[in-house]
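>>> My questions are about this predicted structure, shown below with the sequence.
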Amino acid sequence: MPITVNIYYRGEGDSAVKFAEEMVSRGIVNRIREEKGNLRYEYFFSMDDENTVLLIDSWENQAAIDAHHASEMMKDIAALREKYDLKMKVERYISDDGGITENDKKFIRR
């Protein structure tokens with residue numbers, strides 16, 4: 001069952017943005033996307049709070065998340081979080097695999 005984790009990174013000034021940029025420039029993001037079980041790893045920037053960056057991180061299952069957390073690159077990620085002195089708010093969602101309902105489809109423009 002797919003699991004999505006939303007991580008809100010928040011820091012002083014543009015530190016959260018610089019963190020995300022360094023994650024990309026150092027190739028860490030691409031390495032995560034190549035990990036077995038990764039479905040999505042994408043950063044978003046808030047229009048309401050320039051000090052916050054949202055990471056949407058999706059995995060096939062808990063075993064894939066556990067393998068990611070046990071990987072060597074987690075040390076690099078933790079070091080960057082420290083470097084930019086980021087605080088984190090985490091939300092976790094488990095897919096219901098039900099898909100979009102017919103009622104929901106009425107509100108989706110395609």
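In hand now; what should we look at? Residues are numbered from 1 along each chain as shown.
>>> where exactly do the strands run in the protein?
Assigned by DSSP state E, the chain shows strands spanning 3-10, 38-45, 52-59, 87-94.
>>> relative orientation of the first one and strand 38-45 in degrees?
Direction vectors for strand 3-10 and strand 38-45, defined by axes from the mean of the first three to the mean of the last three C-alpha atoms, to 10 degrees, enclose an angle of 30 degrees.
>>> For strand 3-10, which helices and strands make contact with it?
Contacting strand 3-10 under the criterion 3 or more C-beta pairs under 8 Å, 6 or more residues apart in numbering; DSSP states H and E are the following elements: helix 15-25, strand 52-59, helix 62-69, strand 87-94. (Glycine included, C-beta is placed from N, CA and C.)
>>> at 10 Å instead, please
helix 15-25, strand 38-45, strand 52-59, helix 62-69, strand 87-94 (3 or more C-beta pairs under 10 Å, 6 or more residues apart in numbering; DSSP states H and E).
>>> Let me know which of the strands of the chain is tucked in deepest.
By mean neighbour count, with neighbours taken as mean count of other C-beta atoms under 10 Å, strand 52-59 ranks first of these at a mean of 20.
>>> what helices or strands is that strand leaning on?
strand 3-10, helix 15-25, strand 38-45, helix 62-69, strand 87-94.
>>> how far is it from where the chain is centred?
Its chain's average C-alpha position is 2 Å from that of strand 52-59, according to C-alpha atoms, centre = their mean, to the nearest Å.
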